[in-house]
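*Asks:* sequence and predicted structure are below.
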There are 8 protein chains.
Amino acid sequence: MKSSETRRAAPGTAYLGFARLDLDRKERQGVPEVVYGEGKSAARIVSILKALKSARQEPLIVTRLDAEKAEECAKAFGDEFFYSGEASFGRVGKCAPAEGTCGRIAVACGGTSDLPVAEEAALTAEALGNEVVRLYDIGVAALHRIAQCEDELRSASVVVAVAGMEGALASVIGGLVRSPVVAVPTSVGYGASFGGLAALLAMLNSCAAGVCTVNIDNGFGAGFLASRINHMRERK
Amino acid sequence: MKSSETRRAAPGTAYLGFARLDLDRKERQGVPEVVYGEGKSAARIVSILKALKSARQEPLIVTRLDAEKAEECAKAFGDEFFYSGEASFGRVGKCAPAEGTCGRIAVACGGTSDLPVAEEAALTAEALGNEVVRLYDIGVAALHRIAQCEDELRSASVVVAVAGMEGALASVIGGLVRSPVVAVPTSVGYGASFGGLAALLAMLNSCAAGVCTVNIDNGFGAGFLASRINHMRERK
Amino acid sequence: MKSSETRRAAPGTAYLGFARLDLDRKERQGVPEVVYGEGKSAARIVSILKALKSARQEPLIVTRLDAEKAEECAKAFGDEFFYSGEASFGRVGKCAPAEGTCGRIAVACGGTSDLPVAEEAALTAEALGNEVVRLYDIGVAALHRIAQCEDELRSASVVVAVAGMEGALASVIGGLVRSPVVAVPTSVGYGASFGGLAALLAMLNSCAAGVCTVNIDNGFGAGFLASRINHMRERK
Amino acid sequence: MKSSETRRAAPGTAYLGFARLDLDRKERQGVPEVVYGEGKSAARIVSILKALKSARQEPLIVTRLDAEKAEECAKAFGDEFFYSGEASFGRVGKCAPAEGTCGRIAVACGGTSDLPVAEEAALTAEALGNEVVRLYDIGVAALHRIAQCEDELRSASVVVAVAGMEGALASVIGGLVRSPVVAVPTSVGYGASFGGLAALLAMLNSCAAGVCTVNIDNGFGAGFLASRINHMRERK
Amino acid sequence: MKSSETRRAAPGTAYLGFARLDLDRKERQGVPEVVYGEGKSAARIVSILKALKSARQEPLIVTRLDAEKAEECAKAFGDEFFYSGEASFGRVGKCAPAEGTCGRIAVACGGTSDLPVAEEAALTAEALGNEVVRLYDIGVAALHRIAQCEDELRSASVVVAVAGMEGALASVIGGLVRSPVVAVPTSVGYGASFGGLAALLAMLNSCAAGVCTVNIDNGFGAGFLASRINHMRERK
Amino acid sequence: MKSSETRRAAPGTAYLGFARLDLDRKERQGVPEVVYGEGKSAARIVSILKALKSARQEPLIVTRLDAEKAEECAKAFGDEFFYSGEASFGRVGKCAPAEGTCGRIAVACGGTSDLPVAEEAALTAEALGNEVVRLYDIGVAALHRIAQCEDELRSASVVVAVAGMEGALASVIGGLVRSPVVAVPTSVGYGASFGGLAALLAMLNSCAAGVCTVNIDNGFGAGFLASRINHMRERK
Amino acid sequence: MKSSETRRAAPGTAYLGFARLDLDRKERQGVPEVVYGEGKSAARIVSILKALKSARQEPLIVTRLDAEKAEECAKAFGDEFFYSGEASFGRVGKCAPAEGTCGRIAVACGGTSDLPVAEEAALTAEALGNEVVRLYDIGVAALHRIAQCEDELRSASVVVAVAGMEGALASVIGGLVRSPVVAVPTSVGYGASFGGLAALLAMLNSCAAGVCTVNIDNGFGAGFLASRINHMRERK
Amino acid sequence: MKSSETRRAAPGTAYLGFARLDLDRKERQGVPEVVYGEGKSAARIVSILKALKSARQEPLIVTRLDAEKAEECAKAFGDEFFYSGEASFGRVGKCAPAEGTCGRIAVACGGTSDLPVAEEAALTAEALGNEVVRLYDIGVAALHRIAQCEDELRSASVVVAVAGMEGALASVIGGLVRSPVVAVPTSVGYGASFGGLAALLAMLNSCAAGVCTVNIDNGFGAGFLASRINHMRERK
């Protein structure tokens, strides 16, 4: 990079030459800056994590982190580093305690192919201090599987509904529970699923009230929002 | 039109100057030619119906027929003419008898706004000689409404599932029954329903096997296909 | 409709011939069934409202209700009926009390053309028992207008962000607050806004965490969800 | 996965830690659960098949199974395992007997590139107990090829029409036969075929009545539905 | 308009204040400038026609000309003006003579709703000096109607194939003839025809060689191109 | 609206109950706030204009202003109000003087149907203090019309290129001049123009460097940007 | 494949087990069946070519043939086989003689990246018996390059215009010549070219009359059609 | 290639057999022809560069140049060759001097993943003779990062705003500055970003005036246009 770039880092930020870090986001918004691992080298990820860690911004989350880069993080942070290969999810530092929240977050998904996205949501919510109950492979093609989980769905304070293909799970759950439902379309499917578009549109058009939607495959976003909602009690 | 046009009508067809009618489709394919009413004048519709009637191609169906044109048909055919304003559906001649079919056809729909399309399907199936059971306003936002109809859904030989918005009804029914399910997306909805595209994509991506899809708002096509399937017994 | 239709109404439902009403949704999900006014005749709307009212499902909300139909409702329910022409929103019965909620809901919008959708959200939230603060016409083209409202945005328990065109308001607010943000894209714009698609995609791709999205122009859905979130305290 | 997940398997289901199997779907819907091979490891596929086999849910179908995983299945099930590389299709157990059906299923396709999808349909139908006649490479660019097969098309009880590019085969066959036609668009083509979208839209808009459509490349779904239709006689 | 505009008209052009006419296009490209009637006032259309007529650019064609504007043209040009309401097509001056061309142009269409577009093509070709044979309502849902016209299709020098819905007519004709086929998708249809997109994509993906496509509903463009092709003999 | 709304107007803004005006945008960004007339009542438009005028934010521009509302503005502002019906463009106050700019702005358009958009661009630029040369109806179907204007195109300091249909004008001009080219796609066309999408994509993909694009039909935006560029000299 | 397939080959066709060849297409339509090489193994391609060659269907064209498969063809047919790596184009047998045609075919392209598609068109036309003049890299960003070729464009009997990005070349050439123009959009470009969609839409919306379009990257189709047009003289 | 191609090179052009170079574009348009590296072999790139260099068309820019091809260029041009791997950008010859321009160009980007596109813009502008200030990783999710750079943004003569995901950066900057803003959407994102479409639409619909847009990932185009604008002073 050239000498003409702005190197000055204002108070509360750090400038690493390739990134401008927000060092007091935890104070300002309750959660530290989260690192999007895709397209960043392992070395850059490690240096960002170190800078944020020095500013006591824990726990730190890295999403879309492949196994190879995760190994570099493991070398750098040792036992402090947790990694889930299925969810491509890394964490530095302990999960925040789940005290004082409204209740448990249920993460449900339609099929086994939705697991990586569902786990990203679940691990994010756990890292941010929530108890999570996983209800996996309960797609609408066999409604009695949802029926089996009805109690756990109803007793959750927030439900994250993860589904690909036709994304009907969100509407069916939305009609059962009285808590907020965060729907996550996944890119699972082929042909006219158009990379998750079918599920996305279905969720946006849900006939059940109380359902909102995040981006395709955005398990992180859903877990993050569910955590914010689950922490409403605390804020008052 | 010019003198250069082909006026010759081969055997089995009639050429009216603006249309080339198929006078033996009933013999060839079991059902007479059906008249698509949109964009045709009342006068042309009446003359087509008369030509087909002369060739004993009854019962005759006219779809997308507005009230004004229906009045002209009523004048021309008197008591032989039946009209449903809700479904914009006209019929000349009696419904074919429902004997010898595999069973009853269930026509289900998600909400009251889907009624015109559902009725088009039901009236088509009745005209073609089928007993029809209507199960309306049983959308997935309140699963117990579907549960109430479960027996009637399971005992039907074919199910037509009509739904707009997210179109989840097709998948939920597909998971309950063992008969073929013909899904009809409707243009009911707004915003990201994109004129029925959301429901269409959802139905094409249904995670339940045994579901097929017809065009958006194509109640006629679904009733027609359901009738063909319900007449399988007869054909052997 | 034909004699073959299912007239039986199971316990907890009422069958009006054209609609199958959910009479205990308030008990089951906390909020009565909401009536979507578009495509229903005034007479049908009034009869649905009467049936639900008899089952003590108040307050009742009717969305997308035009002025003419509203007049019929006013005749039928007198002083119990409230109507906002700007939001095409009707209500039978008093707003639920706003006690015991987590705090106030802020409804922000980008421009004056977004007002109908923003008001639909605000009136819905008020009907369901929430205190609402309106922050209108604070689009990102003049950031100091957002800055003026920063305190009210930060102190709200939930923020509904309504915007058309490029929909940047959701991301900017998402970066300022620590509460959940419900984004509502509107169809305000022309050309490449493609009926709200541009704003919808922008909101789904928001770089700010804690943002979720509902359908284009779905002010009702956003107000409903915001209310659910704001009532989290109560549920524990 | 975490200890917080729901391990309880209700009656009729088995929970394998990553999947929740439906052990009595054959009893409930006539056909066992089908395994979608894409995105599952060979080990997981084998363990799912074993669990379903123990519950006597044969014959078992695995779709989108690549050659490498098929080898693992062959090791696990020996002679009981059948595999077609062209169709990426696996089967455990014998095909169901084709007795008592309405007749033969014809599987037609437009070009040689459509063969994998056509074979998936044919093998699925055979596994589920149907006699299948294959009519391949009879695209509309040379109508006399269709003419050669006209007798076999007309005498079939159901026709599966598989085609990519402009998908005209479905309409042409739909105009010839009096049996139900299940259309399968394929992703064969380039440029403005947009991954099968052109064929999908063409099939949905077929001017021939009696045609329904399944997802792009969904040979399995078409074979499954055709089998259901062909078994109508049995059900009465 | 302001005084700053460029009024200078270079040789071979005329500047009317709102339009810059090409006065020698007939000499340069064989055919005079054609007037697109939509969005122009009757007065402007008449003044353009008069200017072109003064420059002996006959016959003059006006497309998308509604009945009201046509009346003004009739007043201005009397017997020299021809108008077809069905095709919204006007012409000033006699059709060019059809001598010396390669043969006859066949204009075929799928259904009666495609007539306005087919007629626009036929009238354009006739105006530009071609003999035209019309083969209307020969859609692929009844192949024997095409068979009846096979001789006329095969003997034509160019075929214009006009069809909406799934647009299969172009491929079927393309497989029968050895002359160039100009395909015109129409916006006839509903739902997933998306205003003619389905037919357009089908025609672009035609499996028959020798087929090219023009814009949706562009009967003029097809007739114009067919005429150019039919005049190839002359040019040598 | 409710009493809960924020009425406080911070310094430099005015709150009218339905709009939050930016009273010092002229000081901050050089140009006063512009009023988007669509969807605002005449009364609201007049009151916004009066408030901005009081703050000496002249000249004031109203875009997408229909004739009826323009009449109300004319009543309110008398001779100070200018209106162009073709461009649906209103202005209060005199055009800013065109002194000190880099040169003249050329506004070119492809056909007469593009005139409303081209005029919106031209009138905007004139209001903001620029000399404008109009080069209309110079579409690429007759290159010699562009050739006639080549000198005026080359001598302009900025060129605004307005075109619908295939939008080729921008690329052709971009290859001729050395000044910045602002391309405006218009919704002129039909069928596969998809409301201006074809022209928009063409302009975004221009093979000529130095071309940028604004929204479909956004003549105002192009005129505004062209003015900013033409005032570069002044700013140094 | 199964024993149930139809092996019977009617007169004029050959059934190879995986393909149904049209052995008298040359007689029927003037040109032998063309082999689409993508997705076929080298062995299958060779056996198809041999079967067609035995039926004296020369010259044989194979499109989308990669270098590896071409080597197998070279082994099988020796000197009779011609291959162009740039165009992925193979030919068995000599080019047909170019006698008796209307004139020369000009193949023009916008940039060097369009060369593979342009060459596919040129080689196809040459194989089918046409003289071809190549005018490459004459994109509209530098109009004087087109001007240099104006004579050759004007004197050609048919022009094939190949371009990616914004596809303006077709319109510019369409405005210069009086012969038919076959436009070929290419997938050259990135971002909002959307795989050639931008160029395709531009060409379909060309403001120049006499232009038709084939599928994206379909050089073969354009060369084939141009040849058909260029042979018009012969046919009379 | 064949002997039939046009080898004649008119004055001011060079024909290399595969490319037709514009040797006096620098004189005509101020900047030499730029080489698009994708899809060209290293050998061809080098020969093009040599031909242009011989015609004194420096500095020469090569975009989308991968590291391997860059090495060949380095061998051919030695010290005269500059390469940035991050931006895939090559340059032969020194940057033009930045004298006489209107001021500095600011290149801002939203996140670190946008760096390759931002650098392409910055390096292009520097090569063409501009001083560039880089303001990277200032996305709207943390407005105070933009605030830190506000002075540098306001003092720039042109701003290039590079952003993926929801692309809000362009609108926020557009509301802050009074200089022209060139927005560059990037393909950074996943799911409903649809390869940069979300950012592109957002930027085209920016509610801030004075913003224009170039193609997705087109850093070069933005840098080029910004340079043209920044050289306005010089031109007068």
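*Replies:* Nice, I can see it. No experiment lies behind these values; they were computed from the predicted model shown. Residues are numbered from 1 along each chain as shown, chains lettered A, B, ... in the order given.
*Asks:* my guess is residue A:128 contacts residue A:34, does it?
*Replies:* No - in terms of C-beta atoms under 8 Å, residue A:128 does not count as a neighbour of residue A:34; the distance is 9.8 Å. The C-beta positions use only the backbone N, C-alpha and C, and glycine is treated the same way.
*Asks:* now for these two: what residues contact both?
*Replies:* With contacts taken as C-beta atoms under 8 Å, 6 or more residues apart in numbering or on different chains, the residues that reach both residue A:128 and residue A:34 are residue A:224.
*Asks:* got the contact list for residue A:214?
*Replies:* Each residue near residue A:214 by C-beta under 8 Å, 6+ apart is listed here: A:182-184, A:221-222, A:225, C:204, C:211-213.
*Asks:* filter those down to the ones in helices?
*Replies:* Within these, residues falling in helices by DSSP state H are A:221-222, A:225, C:204.
*Asks:* and of those, the nearest to residue G:134?
*Replies:* Top of the list for closeness to residue G:134, among the ones in helices among the contacts of residue A:214 and by C-beta to C-beta, is residue C:204 at 46.9 Å.
*Asks:* and chain A, what are its domains?
*Replies:* Per the record, chain A has its domains at A:4-92, A:105-235, by automatic domain parsing.
*Asks:* could you find the closest non-adjacent residue to the residue of chain A found nearest chain G?
*Replies:* Proximity of chain A to chain G (C-beta to the nearest C-beta) peaks at residue A:194, 13.4 Å away. The shortest distance from residue A:194 to any non-neighbouring residue, by C-beta to C-beta, 6 or more residues apart in numbering or on different chains, is to residue B:201 (7.2 Å).
*Asks:* and the helix or strand encompassing the one you found with helix A:197-204, angle?
*Replies:* Under the criterion of DSSP states H and E, residue B:201 resides in helix B:197-204. With axes from the mean of the first three to the mean of the last three C-alpha atoms, to 10 degrees defining the directions, helix B:197-204 sits at 120 degrees from helix A:197-204.
*Asks:* okay, helices next: where are they in chain A?
*Replies:* Along chain A, counting by DSSP H, helices occupy A:25-29, A:42-54, A:67-77, A:115-127, A:143-148, A:150-155, A:169-174, A:197-204, A:219-230, A:232-235.
*Asks:* redo the ones you listed as a markdown table? Include distance to residue E:38.
*Replies:* Rendered in a markdown table, the data for those read as follows (distance: least, C-beta to C-beta, whole Å):
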| stretch | distance to residue E:38 |
| --- | --- |
| helix A:25-29 | 54 |
| helix A:42-54 | 56 |
| helix A:67-77 | 58 |
| helix A:115-127 | 49 |
| helix A:143-148 | 53 |
| helix A:150-155 | 56 |
| helix A:169-174 | 43 |
| helix A:197-204 | 33 |
| helix A:219-230 | 46 |
| helix A:232-235 | 56 |
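*Asks:* my read: residue A:229 touches residue C:180, true?
*Replies:* Yes - at 5.4 Å, residue A:229 counts as touching residue C:180 under the criterion of C-beta under 8 Å.
*Asks:* measure residue A:65 to chain E for me?
*Replies:* For residue A:65, the distance to chain E equals 40 Å [C-beta to the nearest C-beta, to the nearest Å].
*Asks:* so what's that residue closest to, chain neighbours aside?
*Replies:* Closest residue to residue A:65 in three dimensions, ignoring its sequence neighbours and counting by C-beta to C-beta, 6+ apart: residue A:37, at 3.8 Å.
*Asks:* run a quick neighbour tally on the one you found.
*Replies:* A count of neighbours around residue A:37, defined by other C-beta atoms under 10 Å in any protein chain shown, yields 23.
*Asks:* whichever residue of chain A sits closest to chain D: neighbour count?
*Replies:* As assessed by C-beta to the nearest C-beta, chain D sits closest to residue A:191 within chain A, at 2.9 Å. Counted with other C-beta under 10 Å, the neighbours of residue A:191 add up to 23.
*Asks:* equivalent analysis for the one 5 residues further on, please.
*Replies:* Using other C-beta under 10 Å as the criterion, residue A:196 is surrounded by 25 other residues.
*Asks:* ok, it - contacts?
*Replies:* For residue A:196, the contacting residues are A:164, A:185-189, A:216-217, H:191-192, taking C-beta under 8 Å, 6+ apart as the criterion.
*Asks:* low pLDDT regions in chain A?
*Replies:* Across chain A, the stretches falling below the confidence threshold (pLDDT under 70) are A:1-10, A:234-236.
*Asks:* can you list the residues of it near chain C?
*Replies:* Residues of chain A lying near chain C by C-beta under 8 Å from any C-beta of the partner chain: A:28-31, A:34, A:102-103, A:157, A:177-180, A:182, A:200, A:204-205, A:209-215, A:220-222, A:224-225, A:228-230, A:232-233, A:235-236.
*Asks:* now which of those residues would you call buried?
*Replies:* A:28-31, A:34, A:102-103, A:157, A:177, A:179-180, A:182, A:200, A:204-205, A:209-215, A:220-222, A:224-225, A:228-230, A:232-233 (16 or more other C-beta atoms under 10 Å in any protein chain shown).
*Asks:* closest one to chain B out of the contacts of residue A:196, please.
*Replies:* Chain B lies nearest to residue A:189 out of the contacts of residue A:196, by C-beta to the nearest C-beta, at 5.5 Å.
*Asks:* quick one: the residue nearest to that closest one when sequence neighbours are not counted and chain H, what's the gap?
*Replies:* Spatial nearest neighbour of residue A:189, chain neighbours left out: residue A:165 (4.6 Å); criterion: C-beta to C-beta, 6+ apart. When C-beta to the nearest C-beta is the yardstick, residue A:165 and chain H sit 15 Å from each other.
*Asks:* quick check: residue A:63 touching residue A:83?
*Replies:* No - under the criterion of C-beta under 8 Å, residue A:63 lies out of contact with residue A:83, with a separation of 11.8 Å.
*Asks:* higher neighbour count, the two?
*Replies:* residue A:63 (21 against 18).
*Asks:* beta-bridge partners for the more buried one, please?
*Replies:* Beta-bridge partners recorded for residue A:63 (DSSP bridges): residue A:36.
*Asks:* can you give me every residue that contacts it?
*Replies:* The contact partners of residue A:63, by C-beta under 8 Å, 6+ apart, come to A:34-37, A:88-89, A:120, A:124, A:220.
*Asks:* what does residue A:106 give?
*Replies:* Residues counted as contacts of residue A:106 (C-beta under 8 Å, 6+ apart) are A:132-135, A:152-153, A:156, A:158-160.
*Asks:* these in strands, which ones?
*Replies:* Secondary structure assignment by DSSP state E places A:132-135, A:158-160 of the contacts of residue A:106 in strands.
*Asks:* just put those in JSON lines and tack on neighbour count.
*Replies:* Compiled in JSON lines, the ones in strands among the contacts of residue A:106 are given as follows (neighbours: other C-beta atoms under 10 Å in any protein chain shown):
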{"residue": "A:132", "neighbour count": "24"}
{"residue": "A:133", "neighbour count": "20"}
{"residue": "A:134", "neighbour count": "22"}
{"residue": "A:135", "neighbour count": "25"}
{"residue": "A:158", "neighbour count": "31"}
{"residue": "A:159", "neighbour count": "28"}
{"residue": "A:160", "neighbour count": "31"}
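*Asks:* near chain B, which residues of chain A show up?
*Replies:* Within chain A, the positions adjacent to chain B are A:110-111, A:139-143, A:165-168, A:171-172, A:174-176, A:189, A:191-194, A:197-199, A:201-209 by C-beta under 8 Å from any C-beta.
*Asks:* now, of those, which are buried?
*Replies:* With neighbours counted by 16+ other C-beta under 10 Å, the residues of chain A next to chain B contain buried members at A:110-111, A:139-143, A:165-168, A:171-172, A:174-176, A:189, A:191-194, A:197-199, A:201-209.
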